[in-house]
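> Show me how the following folds:
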Amino acid sequence: MTAPHADAHTVRACMLLISAALVGVALEATGPVYQTGSILQLTVAIALAATAVFGSVVTRLPVGSDRAACVAVVVLIGWQIVDGVSQHDFYFLGRRGVLFPSRWLLLPVLGFLALTAARGVVGRRVGIALVAASVLAMSAWIFRGPAPTIDVLIFQERSATAVVNLDNPYDPAVVQYPDVYKGKGEYYDESLTDGAVLNFGYPYPVASLVAVTGARAALGDVRWASAVSLVGVVLLMFALVTNSNSRRIATLATAVLITSPKGLHVLQFGWIEPLVLLGVVFVIYAAARRPHLLPYAIGALLTTKQYVPLILPLIILVVPLAELRRPKFLLPVLSGAAVAAVPALFVEGYWYSVAVIQFVQPFRNDSLSFAAWWVNSGNSVPGTVFSFAPPLLVLGLCLWKAPRTVSGFSMGSGLLLLVFFAFAKQAFANYHMLAIGVLCAAAIVAASESPEAVHTSN
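Presented below is the predicted three-dimensional model:
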């Protein structure tokens, strides 16, 4: 008689969440560079995510392993909260002049998250609404404090102003970004600055430009684009729920994402990765629940940031090649690609600002990456092969071995982004937060879909 096994769906989902939480805790390490402890956490996170995607061992674990995995996720959520609240924080004055740490605002969110796992439909919907409102409230509290002096925030503010004035935000002569780092070589290549002014325009494709301009016009702060995007991510994650198991995982996944120690910093500094995360999760949602929207979701994703084409080959895990070739599917995708690429032919400064400068940016030894750890250990800066060979290997393995399901696509996307940033020459909290968010969304899909039900190969 075959011995009973733990629920593989739950185990796989929890492995993804543990991976995401470990990355979040690794990011919170203090000091000018990340030490070996953070790198070990990153290594374990990659190993767990890879096991979730490729490992058959999750189908043979003994009874109780699924519950133990859920307990591990809860423990890590608690670790994230304690670690986040105890570290340096931005303190803002309350109405009565009392200093109040913004990260403490995470605590009531956990109470609202408990409602999302309730049995009643009304209770769950109220819980989801309260979580979304809490994210907006946390954002409003953070934004009322002094804005940090960081280049990306200046890029967005000046570019939004240029758009409103009907000027070209990709033209460096128009935006004239100040070099807040005063020509320090570790931040910009010497060809990109004269020490006072940067010689490039808005460095991202058009989607974020539209988002930050709209946020500036409607709410007075470009960072609301990231806050609203994060709310959209939360709502889409709960929209992926199909059964009681995935509902519990969705509650845990949202907790992992919202309490990630660097999550509030991403909002505070105005990084645009929440918008990219919204695009990726929308692709996952479309593939799982609204297939007719999938080509439009892919097209929209292509307009967000330069590295997103990396995960697009994984689409063949859910869409047969014959379908990919049909005009009905291909035209919306190509339209998104055109929105991202065609401005290079007509908009002065677009190609240089969006594409060229990415290849001349300097190596950063303060990244959370194996490359930075290697250099900080006394070795020379690794070559391009070191950065691109591992993610290309993972991409090939996903195309070969990952399940031909939506969970295969979502899990593979999370793993691929995690490995890509782990070996990149620049890898900061905003990049890793994208991988964390995709892993959280993938966990929900993995809990509601059987990854073992591998479809016929495309």
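
> so where is the stretch 101-250 of the chain shaky, pLDDT-wise?
For the stretch 101-250 of the chain, the stretches with pLDDT under 70 are 101-108, 118, 185.

> So which residues of it form helices?
106-116, 121-143, 151-164, 172-175, 206-219, 224-239, 244-258 (DSSP state H, counting those that start in this stretch).

> Mind putting these into TSV with distance to L17?
Backbone N, C-alpha and C define where each C-beta goes, glycine included. Shown next, in TSV, are these (distance: least, C-beta to C-beta, whole Å):
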stretch	distance to L17
helix 106-116	13
helix 121-143	17
helix 151-164	28
helix 172-175	40
helix 206-219	28
helix 224-239	12
helix 244-258	5
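
> among those, which is nearest A338?
A338 sits nearest to helix 206-219 of all the helices of the stretch 101-250 of the chain, at 10.8 Å, using C-beta to C-beta.

> Does anything pack onto the closest one? Which helices or strands?
When contacts are defined as 3 or more C-beta pairs under 8 Å, 6 or more residues apart in numbering; DSSP states H and E, helix 206-219 packs onto helix 151-164, helix 224-239, helix 273-289.

> Go through the shortest one and flag the buried ones.
Going back to what we said before, that points to helix 151-164. 151-163 (16 or more other C-beta atoms under 10 Å).

> what does the last one give?
Across helix 273-289, burial judged by 16+ other C-beta under 10 Å covers 273-288.

> for stretch 313-320, same thing?
314-319.

> Between those, which sits nearest P382?
L314 (25.9 Å).

> Now do the SS call for that closest one.
helix (DSSP: H, G, I helix; E, B strand; the rest coil).

> That one contacts R404, correct?
No - distance between L314 and R404: 10.6 Å, which falls outside the contact criterion (C-beta atoms under 8 Å).

> Of the helices of the stretch 101-250 of the chain, which is nearest K305?
Closest approach to K305 among the helices of the stretch 101-250 of the chain (C-beta to C-beta): helix 206-219, 7.4 Å.

> got the angle between that closest one and helix 224-239?
Put simply, helix 206-219 runs at 110 degrees to helix 224-239, going by axes from the mean of the first three to the mean of the last three C-alpha atoms, to 10 degrees.

> pull the CA atoms of stretch 196-207 into PDB?
This file holds the C-alpha atoms of stretch 196-207, laid out as PDB (Å, rounded to 0.1, in the frame of the first residue of the first chain):
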ATOM      1  CA  ALA A 196      27.000  68.500 -12.100                       C
ATOM      2  CA  VAL A 197      24.500  67.600 -14.800                       C
ATOM      3  CA  LEU A 198      23.600  64.200 -16.300                       C
ATOM      4  CA  ASN A 199      23.700  63.900 -20.100                       C
ATOM      5  CA  PHE A 200      20.700  61.600 -20.600                       C
ATOM      6  CA  GLY A 201      16.900  61.900 -20.500                       C
ATOM      7  CA  TYR A 202      14.200  59.700 -18.900                       C
ATOM      8  CA  PRO A 203      15.800  56.200 -18.700                       C
ATOM      9  CA  TYR A 204      12.700  54.100 -18.900                       C
ATOM     10  CA  PRO A 205      10.100  53.200 -21.500                       C
ATOM     11  CA  VAL A 206       6.800  55.000 -21.800                       C
ATOM     12  CA  ALA A 207       4.500  53.100 -19.400                       C
END
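
> can I assume R364 sits in a strand?
No - R364: not assigned to a strand; according to three-state DSSP it is coil.

> begin at 89 from here
OK, 89 is where the count begins now, so the last one is R452.

> In contact with it, which residues?
Listed by C-beta atoms under 8 Å, 6 or more residues apart in numbering, the contact partners of R452 are 274, 460, 513-516.

> can you check I386 too?
I386 neighbours (C-beta under 8 Å, 6+ apart): 371, 400, 403, 420-421, 424.

> Quickly find the element holding it.
Here I386, judged by DSSP states H and E, is contained in helix 382-389.
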